[in-house]
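1. sequence plus predicted model, see below.
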Amino acid sequence: MKLGELASRLGAELRGDADLEITGVQGIEEAGPSEITFVANPRYTALARATRAAAVLVDPDFQPIAAATLRVKNPYLAFAHALAFFYQPPVYPPGIHPTAVIDPTAEYGEGAHFGAYVVVGPRVRLGAHATLLPHVVLYPGVQAGSHFFAHAHAVVRENCVLGDHVTLENGAIVGADGFGFAKNDAGRWEKIPQSGPVRIGSHVDVQANACIDRATVGATEIADGAKIDNLVQVGHGSYVGENTLLCAQTGLAGSSVIGANVILAGQVGVAGHCSIGDGAILTAQSAVSHDVPPGKTISGSPGFDNRIWLRAVALFERLPELARRLSRLETRIDAGLDASAKRNSSAAPSPSPSTLSLTTEDRSRK
């Protein structure tokens, strides 16, 4: 593809040779003379100057560099669109593999692809262009909209409801039993039935080996546009708002309420029944056991305001030095106090003989 054509497709302003032939997309350090790359962070400006790439996607105000530039408001998004021009994922033609097991009461729309050993249970309803790759299992009563895509070994449990354009990556589990147990009089744990389904909106991605538990009662809900990363745990009865990101290994205890446009970075933990307000950000490895107001950025475990946390971390790194300085200061203070006490002792006048005799006489009278 010519660079000029690529710029036109991306809606970018081209500064450079429109006739350059572009064969692919690469990272800024790996890109060669027939590939494009991108810079979305000013920290990589030096790499942009030195890159061997044919062209670089940058924002409109980026400084001139030797390579051609495609200037666009959102270079990272443009890079994603460019990738789609050069990389096409496998296409799965309509058809049912002979080893797939489809219950006669199941319904599915046109263009469905069911791979080897797929199991589709009773009363399942799927929209058009569903793609189920090998070993996907849909329990009874599952519903999904159009363009449902389930990679190998994904599982959707009974009566769960999914919207349009939902993607489940390998090993994702939707609707497994929530972790609910009650201790009986004999001190043993009894399982609490998990009767409520999972309801997932449209344009939701659930990455590999993530688990979204069904609810004890009611439902566990994931709103439109949410993205759930690998190994995330969403506890029973939780709610996740629109366009929220739950990054790798994040865990939500039961009945968590996560607002819209929230970012929970890797390994974040949220205690049960806590609410995270719209637009809040919890940085990596944060943990909260309290509600978080909208728009707040939280860090640490236990979590608190990110600005205070940054100052505290900077201070924490200096603690060994501060401890040594404090120890030296205490030694100097102690030495000064000892010297002062000795000076005061040597400067005090000795008692006169008459004072001593009076003291003796007074004691004898008592």
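-> Yes, it's here.

2. in this structure F304 contacts T297, no?
-> No - with contact defined as C-beta atoms under 8 Å, F304 does not count as touching T297 (10.4 Å). Quick note: C-beta positions are derived from backbone N, CA and C, even for glycine.

3. distance of the spatially most central residue of the chain from V161?
-> Note on the chain: the residue nearest the mean C-alpha position is C247, at 2.1 Å, using C-alpha atoms, centre = their mean. From C247 across to V161, the span is 25 Å (C-beta to C-beta, to the nearest Å).

4. same question for H129.
-> To V161, H129 is 18 Å away according to C-beta to C-beta.

5. quick one: low-confidence parts of the chain?
-> 347-366 (pLDDT under 70).

6. and the protein, what are its domain boundaries?
-> 3-86, 154-310 (automatic domain parsing).

7. could you point out which of these sits nearest R318?
-> The closest of these to R318 is domain 154-310. By C-beta to C-beta, the value is 13.6 Å.

8. show the end-to-end separation of the closest one, please.
-> Taking C-alpha to C-alpha, to the nearest Å, domain 154-310 runs 40 Å from one end to the other.

9. again with stretch 20-39
-> End-to-end span of stretch 20-39 (C-alpha to C-alpha): 20 Å.

10. do the same with stretch 54-72
-> Stretch 54-72 has its terminal residues 17 Å apart, counting by C-alpha to C-alpha.

11. what's the answer for stretch 114-123, then?
-> Termini of stretch 114-123 sit 16 Å apart (C-alpha to C-alpha).

12. likewise stretch 283-302?
-> Start-to-end span of stretch 283-302 (C-alpha to C-alpha) is 12 Å.

13. same deal with stretch 223-237?
-> End to end - C-alpha to C-alpha - stretch 223-237 spans 13 Å.

14. residues contacting A31?
-> Going by C-beta atoms under 8 Å, 6 or more residues apart in numbering, A31 touches 25, 37, 51-54.

15. can you do 10 Å?
-> 24-25, 37-38, 51-56, 67 (C-beta atoms under 10 Å, 6 or more residues apart in numbering).

16. quick one: which two of those residues are the most distant?
-> Across the contacts of A31, no pair lies farther apart than G24 and A67, at 15.3 Å, counting by C-beta to C-beta.

17. comparing those two, which residue is more hemmed in?
-> A67 (22 against 16; other C-beta atoms under 10 Å).

18. single out the most deeply packed of the domains of the chain.
-> Comparing the domains of the chain by mean neighbour count (mean count of other C-beta atoms under 10 Å), domain 154-310 ranks first with a mean of 19.

19. the residue nearest to the centre of the chain and E221: what is the separation?
-> From C247 across to E221, the span is 19 Å (C-beta to C-beta).

20. picking that back up, which one of the domains of the chain lies closest to P93?
-> Nearest to P93 among the domains of the chain is domain 154-310 (18.6 Å), distances taken as C-beta to C-beta.

21. mind giving me the packing neighbours of the longest helix seen in the chain?
-> Longest among the helix segments of the chain by residue count, using DSSP state H, is helix 319-347. Counting contacts by 3 or more C-beta pairs under 10 Å, 6 or more residues apart in numbering; DSSP states H and E, helix 319-347 packs against no other helix or strand.

22. burial measure for E110, as a count.
-> 10.

23. typed the wrong thing, it's L337
-> One way to gauge burial is a neighbour count; for L337, by other C-beta under 10 Å, it gives 10.

24. what's the separation between it and R328?
-> Between L337 and R328 the computed distance is 15 Å (C-beta to C-beta).

25. just Q88 next, same as before
-> Distance of Q88 to R328, computed by C-beta to C-beta: 67 Å.

26. and the two? Which one has more around it.
-> Neighbour totals were compared for Q88 and R328, and R328 leads with 10 against 7 (other C-beta under 10 Å).

27. against E317, how distant is that one?
-> According to C-beta to C-beta, R328 and E317 sit 19 Å apart.

28. in the stretch 201-350 of the chain, which spans are helices?
-> Applying DSSP state H, counting those that start in this stretch to the stretch 201-350 of the chain gives helices spanning 306-317, 319-347.

29. distance to L6 added to the ones you listed, as TSV?
-> Formatted as TSV, these follow (distance: least, C-beta to C-beta, whole Å):
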stretch	distance to L6
helix 306-317	39
helix 319-347	53
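
30. re earlier: between F304 and T297, what contacts are shared?
-> S286.
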